[in-house]
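In: fold the following and give me the result.
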Amino acid sequence: MSKILSHRTVRVLAIAGATASFALAACGGDETPPPAMPAPAGSTTVVPAAPVASAAPVAPPPAADQPLTDEGMWLTNDFPADKVAKQYGFTPTQEWLDHVRLSSVRLAGGCSGSLVSANGLVMTNHHCAHSCIEQLSNAKKDFVKEGFFAKTGNDEVKCPEIEVNQLTGIDDVSARVQDATKGLADKALNDAQRAVTATIEKECATGDNVRCDVVNLYHGGRYHLYKYRRYQDVRLVFAPEIDIAFFGGDPDNFNFPRFDLDVSFLRVYDGGKPLAPKDYLKWSEAGAKDGELTFVSGHPGRTSRQLTVAQLEFERDYALPRRLFDLDSYEGTITQFMKEGPEKRRVAEPELFYVQNSIKALEGEREALVDAEFLHAKAHAEHELREKAESTPELAQYKDAWKELARIQGEKAALQPRFDALSWHSSLFGIARGLVRAADELPKPNDKRLDEFGDARIPGTKQRLFSAAPVSAELETLKLSRDFVRMRQLLGADDPVVKKVLGKDDAYELAAKLVKGTKLADVKVRKALFDGGAAAVSASTDPLIQLAKLVDADARAVRTQWEEHIVSPEKKFGEEVARAKFAIYGTHVYPDATFSLRLSYGHVAGWMENGKQVPAFTTFGGAFDRATGKPPFELPKSWIAAKSKLDLSTPFDMATTNDIIGGNSGSPMVNKNAEVVGLIFDGNIHSLGGEYGFEPKNNRAVAVTSVALTEALGKVYGATRVVDELKGKK
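Out: Predicted structure coming up:
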C-alpha cells in the first residue's frame with residue numbers, strides 16, 4: 001500500500017496526516033489534497049503571484065554541473081526531454097507526452113490510474129478502489145476478503161463515490177491571477193484570490209462533465225488552469241482478495257522485497273456505455289528488464305521540497321509529532337473496536353489500514369527532518385538562494401520573506417489547536433455540515449462562496465453529499481465521540497464551544513444519541529435538504545443538522561482566522577521566495593507536487609542495503625516461499641489452488657528509481673514505447689523522506705509488473721476477458 005491515504009476513508013485522504021484529513025472531512029472541502037502546511041479545508045490551491053517580467057534566470061540551476069539523477073516530478077507541458085535524451089538516449093516527443101497525458105487519469109479522491117483499453121478500462125490500485133469494493137460488500141458477501149470479478153459487462157457494478165478525471169487541457173493564467181491580487185495582503189488578498197479563481201474556474205467549467213482547477217505551481221511562480229473531463233459513472237470490473245493485494249500487511253508496507261498484486265480494474269461509462277477513448281496505453285507482454293528506462297505518469301499529492309528551513313523545522317518539531325500522536329491514539333481506538341465482532345472488523349478495516357499506513361509514512365518523513373546532514377543541506381541551499389536574491393537588484397525586494405515566514409510559524413502553532421479541534425472526522429457530520437453550508441453559500445454570488453461551493457466544484461461536492469455508500473452507525477458513533485473527546489483535549493473543558501457542544505453529556509453517549517437520531521444515512525433525506533435550501537435546513541430537526549448549525553459560526557471563524565492570518569501571509573511571502581527561486585533557476589527546477597499530473601523518469605534498479613544488493617525483482621515463487629499460512633503472510637486459497645499452473649519464475653514486483661510520492665498510487669509505469677510495464681503501488685522505506693527531498697542512491701518506487709498482472713489474471717482468476725482486453729484482442 002502506498003503512502004496515499006486513499007479514496008476509501010474520509011473521501012479525501014492525503015498523507016498530510018490526521019489533522020489535514022480531518023479538516024477536509026469536517027469542512028466539506030474539495031478532494032484536492034492539502035498543501036504542504038496544514039490549510040483550511042476547501043481553500044483554493046492558488047496563491048497570487050507570477051514571475052516578475054524583468055527577473056530572467058541569472059544563474060544556472062544548482063544541479064547543472066552535478067551528475068545526472070532521476071529526480072523530479074515534471075510537468076507534462078514542460079518536460080526535460082533533453083535530460084532524458086542525455087541520460088538514456090531517448091527523447092520523448094510532444095506527441096508522445098500528449099498521448100501519455102490523455103491516457104492517464106486521476107481518481108478524484110486521491111489516487112492515480114490509466115486508461116488501458118479501447119473500451120474505457122481503467123487500471124489502478126486495489127487500495128485506491130478499496131472504498132468501492134468495501135461499499136459494495138456486506139456482512140454476507142465481503143468482496144474485500146473474497147475478491148470481485150465481473151464475468152460479463154452486465155456484471156460490472158457502479159462505484160458509489162469514485163470519480164475519474166482526464167486532463168484534457170492546460171492554460172497559463174499567471175498574469176490574470178497576478179493582476180487581480182497585485183498589491184494586496186491579508187483579507188483583501190485572500191478575497192481577491194478566491195474571487196479570481198472562482199471566476200476562472202466557472203468560465204472554464206461549461207457543464208457538469210467538465211472540471212476546472214486553477215493550480216498553483218512553484219509556490220506562486222506560475223498558475224495553470226487544468227481542464228478535466230469528469231466521469232462519475234465508474235464501475236468495478238476486477239479486484240483480487242485483500243490477502244494478495246496487501247500481502248505482508250503493515251510489516252512489509254514501505255519495504256522491499258514485496259509480493260503484492262495491488263491492482264483493481266474499473267471501467268468508465270459515458271452516456272450509459274463504456275467509454276471509447278482515442279488515447280489509451282498499450283500493454284507490454286514482456287515487461288521491463290533490469291536497467292530499462294521507465295516513466296511514471298501520475299498525480300503526486302504533495303511534496304514540501306521547496307519549503308524554507310523555518311517551515312521544515314515547524315513540521316519537524318510541531319506538526320509531525322502532533323499528527324503522529326493523534327494517529328497513535330486513533331490506532332488503539334480502532335484496534336479495540338475491531339475486537340468487538342466480525343462485522344465491526346470488516347467496516348473498520350479500511351480505517352486501520354489508513355492509520356497504520358499514515359503512521360509509518362509520517363515517521364519516515366520525520367526521520368528525514370531529524371537527519372542533521374539533510375537539514376544542513378537544505379539550510380546551505382537556502383543561504384545560497386538568499387545571497388543570490390539579495391545581490392540581484394530586481395530581487396532584493398524579497399530579502400525579508402524568509403524572516404516573515406519564520407515569524408508566521410509561531411502564529412501557526414498558536415492557532416493550530418483550535419483549527420484542529422473544530423475539524424471533525426465523522427462522515428455523517430461532514431455531510432451535515434456540507435448541507436448547512438450549501439444552504440448558506442449557494443444563494444451568494446459565485447465569487448463570494450466558500451471554494452467547495454463554487455459553480456465549478458459543485459458536481460464533486462454533490463457527489464460526495466449524495467454518495468450511496470453504506471454507513472456503519474457503530475463506526476460513526478466511534479468517530480464522532482472521538483471528535484468530541486479530541487475537541488475537549490485541545491480546547492479544555494471550560495472552552496465555550498466545548499461547553500456548548502458537550503454540556504454535561506458523556507462524549508460517547510452524546511455521539512450515540514446523535515447518530516441514532518439522524519436520518520442523514522438516507523440519501524433521499526440529504527437530497528431533500530439540499531434541494532430545499534435554507535428553508536429546509538432551517539426547519540430541520542435532524543440532530544446532526546442541529547449540531548452543524550450550532551458549531552458552524554465557530555468553525556467558520558477559525559477557518560477565516562486561518563486563511564487570513566496564516567494562509568494569506570504564508571502565501572504572500574512564500575510567493576516572494578518562489579519568485580526569487582523561479583527567477584534564478586527557472587523551469588530547470590520542477591515544482592512541488594500539487595495532485596496535478598506529473599511525469600517522472602527512471603530505470604529498473606535495486607540498491608545496496610547493509611552491504612548487500614537488493615535485487616530489482618521478486619518472483620511468484622518468492623511469494624510462496626514467504627507465505628506462512630497466517631496473516632499477514634497468508635496467500636488466498638485461489639493462489640494455493642493455482643500454484644501448479646503458475647510460472648513461479650514470473651517477475652512479481654519491481655523497484656525503480658522513479659521519483660514518486662503519495663498520490664502516485666495507481667500510476668501506470670510505461671516504457672519508451674508508452675506500453676504498460678508496471679503499476680505503481682508503493683515506495684521503499686527510503687522513499688518516505690521524499691516528502692522533503694530525493695535521495696537517488698536508495699529511494700525506490702515499487703510496482704507490480706505487467707507480466708505478473710496478466711499471469712495472475714489468467715491463471716489464478718480466470719479473468720481471460722480482461723487479459724484479452726489488455727492485449728487488444730477482439
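
In: can you check which helix is longest in this protein?
Out: Scanning the chain for the longest helix, with DSSP state H as the assignment, gives helix 342-369.

In: so which elements touch that helix?
Out: Helix 342-369 sits against helix 126-135, helix 143-146, helix 249-252, helix 320-338, helix 473-491, with contacts defined as 3 or more CB pairs under 8 Å, 6 or more residues apart in numbering; DSSP states H and E. Bear in mind the C-beta positions are built from the backbone N, C-alpha and C, glycine included.

In: would you turn those into CSV with mean neighbour count, mean pLDDT and distance to residue 266?
Out: Output for the helices and strands packed on helix 342-369, formatted as CSV (neighbours: other CB atoms under 10 Å; pLDDT from 0 to 100; distance: least, CB to CB, whole Å):
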stretch, mean neighbour count, mean pLDDT, distance to residue 266
helix 126-135, 27, 95, 6
helix 143-146, 18, 96, 13
helix 249-252, 15, 93, 24
helix 320-338, 17, 96, 27
helix 473-491, 21, 97, 25
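
In: right, and the ones you listed - which one's nearest residue 510?
Out: helix 473-491 (6.6 Å; CB to CB).

In: can you name the next helix or strand after that closest one?
Out: Counting by DSSP states H and E, the next helix or strand C-terminal to helix 473-491 is helix 496-502.

In: ok, and what's touching that following helix?
Out: If you take CB atoms under 8 Å, 6 or more residues apart in numbering as the criterion, helix 496-502 is touched by 421-422, 484, 487-488, 491-493, 510, 547, 550-551, 554.

In: stretch 472-484 too?
Out: The set of residues external to stretch 472-484 that reach it, using CB under 8 Å, 6+ apart, is 22, 330, 333-334, 337, 344, 347-348, 351, 424-429, 501-502, 507-508, 510-512, 514-516, 521.

In: can I get the helices and strands packed on helix 342-369 in TSV with distance to residue 90?
Out: Listed next are those as TSV, based on distance: least, CB to CB, whole Å:
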stretch	distance to residue 90
helix 126-135	29
helix 143-146	40
helix 249-252	33
helix 320-338	39
helix 473-491	49
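
In: low pLDDT regions in this structure?
Out: 1-68, 587, 730 (pLDDT under 70).

In: so who does the nearest residue to residue 132 once chain neighbours are set aside touch?
Out: The shortest distance from residue 132 to any non-neighbouring residue, by CB to CB, 6 or more residues apart in numbering, is to residue 159 (3.5 Å). Applying CB under 8 Å, 6+ apart to residue 159 gives the contacts 129, 131, 132, 135, 136, 234, 235, 236, 266.

In: pull up the gap between residue 127 and residue 368, please.
Out: As for residue 127, its distance to residue 368 is 23 Å (criterion: CB to CB, to the nearest Å).

In: residue nearest the centroid of this protein?
Out: residue 110 (3.5 Å; CA atoms, centre = their mean).

In: that residue contacts residue 301, correct?
Out: Yes: contact criterion CB atoms under 8 Å: residue 110 and residue 301 qualify, at 6.4 Å.

In: which of the contacts of stretch 472-484 are buried? Put it as a PyMOL command.
Out: Restricted to buried positions by 16 or more other CB atoms under 10 Å, the PyMOL selection for those reads:
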select buried, resi 22+330+333+334+337+344+347+348+351+424+425+426+427+428+429+501+502+507+510+511+512+514+515+521
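
In: sec struct for the closest residue to residue 544 other than its chain neighbours, please.
Out: With CB to CB, 6+ apart as the criterion, residue 544 has its nearest non-adjacent residue at 4.0 Å, and that residue is residue 432. Secondary structure for residue 432, judged by DSSP: H, G, I helix; E, B strand; the rest coil, is helix.

In: quickly note the distance from residue 432 to residue 628.
Out: Noted for residue 432: a distance of 45 Å to residue 628, by CB to CB.

In: who has more neighbours out of those two?
Out: Higher neighbour count among residue 432 and residue 628: residue 432, with 29 against 9, using other CB atoms under 10 Å.

In: go ahead and confirm the more buried one touches residue 542.
Out: Yes: Residue 432 is in contact with residue 542 according to CB under 8 Å; the separation is 7.4 Å.

In: now for those two: what residues contact both?
Out: In contact with both residue 432 and residue 542: 518, 520, using CB under 8 Å, 6+ apart.

In: contacts for stretch 619-631?
Out: With CB under 8 Å, 6+ apart as the test, stretch 619-631 has contacts from 243, 247-249, 257, 259, 633-635, 639, 643, 646-652, 708, 711.

In: filter those down to just the ones in helices.
Out: Per DSSP H, the subset of those in helices is 243, 249, 639, 708, 711.

In: redo the residues you listed as TSV? Include distance to residue 373.
Out: Output for these, formatted as TSV (distance: CB to CB, whole Å):
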residue	distance to residue 373
243	40
249	32
639	44
708	37
711	43
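
In: now the helices for the stretch 451-600 of the chain?
Out: In the stretch 451-600 of the chain, the helices defined using DSSP state H, counting those that start in this stretch lie at 458-465, 473-491, 496-502, 507-517, 523-539, 543-561, 568-585.

In: comparing the ones you listed, which comes out most buried?
Out: Mean neighbours per residue, mean count of other CB atoms under 10 Å, is largest over these for helix 568-585, with a mean of 24.

In: so which other helices or strands are in contact with that one?
Out: For helix 568-585, the elements it packs on are helix 186-204, helix 372-390, helix 401-421, judged by 3+ CB pairs under 8 Å, 6+ apart.

In: wait, which of the ones you listed is closest to residue 719?
Out: Closest approach to residue 719 among the helices and strands packed on helix 568-585 is made by helix 186-204 (38.9 Å; CB to CB).

In: list the helices and strands the closest one packs on?
Out: Judged by 3+ CB pairs under 8 Å, 6+ apart, the packing partners of helix 186-204 are helix 174-181, strand 210-217, strand 222-231, helix 568-585.

In: closest one to residue 73 among the helices of the stretch 451-600 of the chain?
Out: helix 568-585 (15.8 Å).
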